[in-house]
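Participant: Next come a sequence and a model predicted from it.
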Amino acid sequence: MDFEAAREKLIDELKLEGIKDVKVLEAFSKIHRDLFVPDEMLSESYANIPLPIGYGQTISQPYTIAIMLEALGLKPGDKVLEAGTGSGYNAALIGHIVGSKGKVFTTEIVPELVNRSKDKIRGVGLKNIKVVNCDGSLGYAKEAPYDKIIVTAACREIPPLLLEQLRDNGVLVAPVGSRHEQRMLKVRKTGNKLDIKSLGFFVFVPLKGAYEP
Ligand code: SAH
């Protein structure tokens, strides 16, 4: 399997689909998705589709991740919170973009996925990512506020604690809606005002807990 060629093809596809942020495209080239998918799915690593990672969970579709990361407007040095570590792939992409001066805190509710993603992240050599085993709908208050927050599981509404833990002028991206379909919301917080934009419809696995759709 020629992963290099498959990766280049996927990046071309992301560009064709409208992804322009060079930092995001570069991260897709540097962080190898094949290292985060289960062995039995290896041949599908660079297909632009979500893939099962066990425990009823998925590694998100590359295009969906690209849309979210571009909407966040990630910069080197950003402090980022993710809810839903899953495979750890998205956290690794973010970790690559924010660089050694940035930091990623990512929360995961399934203990087995916490352990597996920690190993995978260690494997790609990123040291600026902390995986936390907790209910991500509560955020991670200990390290708040965050420049950017990303939720990678579907919620009924944006968990208020996440908005609280977002820095003034920070950006949050989350799929909000029903179990079957969610609208990707991009929220910018300025003072006590929220500027909310929709980025279209997507389908995610549910965020467990109080905001489960
Ligand atoms: N970002 C992931 C994909 C996320 S799939 C990746 O790059 O692979 C959604 C993940 O959210 C699943 O792993 C699921 O176990 C986790 N999850 C669901 N409810 C959660 C909650 N309340 N808190 C933290 N993680 C949760």
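Facilitator: Right, received. Where do you want to start?

Participant: How many residues are close by Ser43?
Facilitator: Ser43 has 12 neighbours, counted by other Cβ atoms under 10 Å. Any C-beta I mention is one placed from the backbone N, CA and C, and that applies to glycine too.

Participant: Now it. Nearest residue, chain neighbours left out?
Facilitator: In space, Ser43 comes closest to Met1 once its chain neighbours are excluded; the distance is 5.8 Å by Cβ to Cβ, 6 or more residues apart in numbering.

Participant: Is it correct that that neighbour is in contact with Tyr46?
Facilitator: No. Here Met1 does not reach Tyr46: they are 9.2 Å apart, not a contact under Cβ atoms under 8 Å.

Participant: just to revisit the earlier point, which ones are touching the residue nearest to Ser43?
Facilitator: Going by Cβ atoms under 8 Å, 6 or more residues apart in numbering, Met1 touches Leu42, Ser43, Ser45.

Participant: Format these as CSV; extra columns: distance to the ligand, pLDDT and secondary structure.
Facilitator: Shown next, in CSV, are the contacts of Met1 (distance: Cβ to the nearest ligand atom, whole Å; pLDDT from 0 to 100; DSSP: H, G, I helix; E, B strand; the rest coil):
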residue, distance to the ligand, pLDDT, secondary structure
Leu42, 15, 96, helix
Ser43, 18, 96, helix
Ser45, 13, 97, coil
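
Participant: I'd say Leu35 and Asp119 touch.
Facilitator: No. Counting by Cβ under 8 Å, Leu35 does not reach Asp119; the two are 10.3 Å apart.

Participant: more crowded one of those two?
Facilitator: Leu35 (17 against 10).

Participant: Would you mind pulling the contact partners of the lengthiest strand in the chain?
Facilitator: Assignment by DSSP state E gives strand 166-177 as the longest strand of the chain. The contact list for strand 166-177, computed with Cβ under 8 Å, 6+ apart, reads 68, 71-73, 145-158, 162-163, 182-191, 199, 201-202, 204, 213.

Participant: what's the closest non-adjacent residue to the most centrally placed residue in the chain?
Facilitator: With distances taken as Cα atoms, centre = their mean, the residue of the chain nearest its centroid is Asn90 (4.3 Å). Distances taken as Cβ to Cβ, 6+ apart put Ile65 closest to Asn90, at 5.5 Å, once the chain neighbours are dropped.

Participant: residues in this protein within reach of the ligand, list them.
Facilitator: Neighbours of the ligand within the chain, by Cβ under 6 Å from any ligand atom: 57-60, 83-84, 86-87, 89-90, 107-110, 113, 135-137, 152-153, 205, 207-209.

Participant: now these: which count as buried?
Facilitator: Buried members of the residues of the chain next to the ligand, scored by 16 or more other Cβ atoms under 10 Å, are 57-60, 83-84, 86-87, 89-90, 107-110, 113, 135-137, 152-153, 205, 207.
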